[in-house]
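**Student:** following is a predicted model, sequence given first.
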Amino acid sequence: MGIFTSMEISASGLTAQRLRMDVISNNIANVNTTRTENGEPYRRKRVIFQEKSPNVSFKHIFDNSLLKAAGNGVRVTAIEEDPSPFKLVYDPSHPDADENGYVRMPNVNIVTEMVDMISATRSYEANVTAINAAKSMISKALEIGRA
């Protein structure tokens with residue numbers, strides 16, 4: 001494990017959470033979008049994370065060096081659409097209303113989005129704290145090395 005590995009892991013978390021916040025913001029901005037370019041209401045999007053894969057060779061497996069490996073950070077593998085059904089709202093005066101007066105609204109729940117936004121913000125803050133702690137430890141190690 002290198003001296004900057006913990007910073008790289010936290011930086012990957014910062015990047016992933018920033019993208020998550022962007023997707024959540026897009027969901028909130030489109031909470032009332034009843035028609036997109038494909039003619040359907042906006043579909044909520046969500047970010048899928050996965051642990052970054054270590055650079056593994058066949059030799060490493062036999063050397064058992066994988067047992068010594070720490071985490072490698074996180075990466076975004078996909079931004080997928082939520083398949084849950086659209087909400088039906090009765091509004092016969094709406095231009096997108098069907099013959100029964102119902103409008104298909106996006107499957108975005110503003111409360112869920114706000115909870116996800118708070119979670120992403122807290123995760124982002126935790127990664128910043130981890131980077132600051134790593135910087136402090138590296139600084140202390142350099143001070144000890146000078147003495």
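**Tutor:** Yep, that arrived.

**Student:** and the gap between residue 88 and residue 49?
**Tutor:** Separation of residue 88 from residue 49 (Cβ to Cβ, to the nearest Å) stands at 32 Å. Where C-beta positions appear, they are placed from N, C-alpha and C, glycine not excepted.

**Student:** kindly report the same for residue 30.
**Tutor:** Taking Cβ to Cβ as the measure, residue 30 falls 22 Å from residue 49.

**Student:** so residue 88 and residue 49 - more neighbours on which side?
**Tutor:** Neighbour totals were compared for residue 88 and residue 49, and residue 49 leads with 16 against 13 (other Cβ atoms under 10 Å).

**Student:** count the residues that sit near residue 10.
**Tutor:** 21.

**Student:** surely it meets residue 134?
**Tutor:** Yes. Under the criterion of Cβ atoms under 8 Å, residue 10 is in contact with residue 134, at a separation of 7.1 Å.

**Student:** which residues touch the residue nearest the centre of the chain?
**Tutor:** Closest to where the C-alpha atoms of the chain average out (Cα atoms, centre = their mean) is residue 20, at 3.2 Å. Residues counted as contacts of residue 20 (Cβ atoms under 8 Å, 6 or more residues apart in numbering) are 47, 116, 120.

**Student:** can you check which helix is longest in this structure?
**Tutor:** Here the longest helix in the chain is taken by residue count, with DSSP state H as the criterion, and it is helix 110-146.

**Student:** just the buried members of the contacts of residue 20?
**Tutor:** For those, a neighbour count by 16 or more other Cβ atoms under 10 Å gives the buried set as 47, 116, 120.
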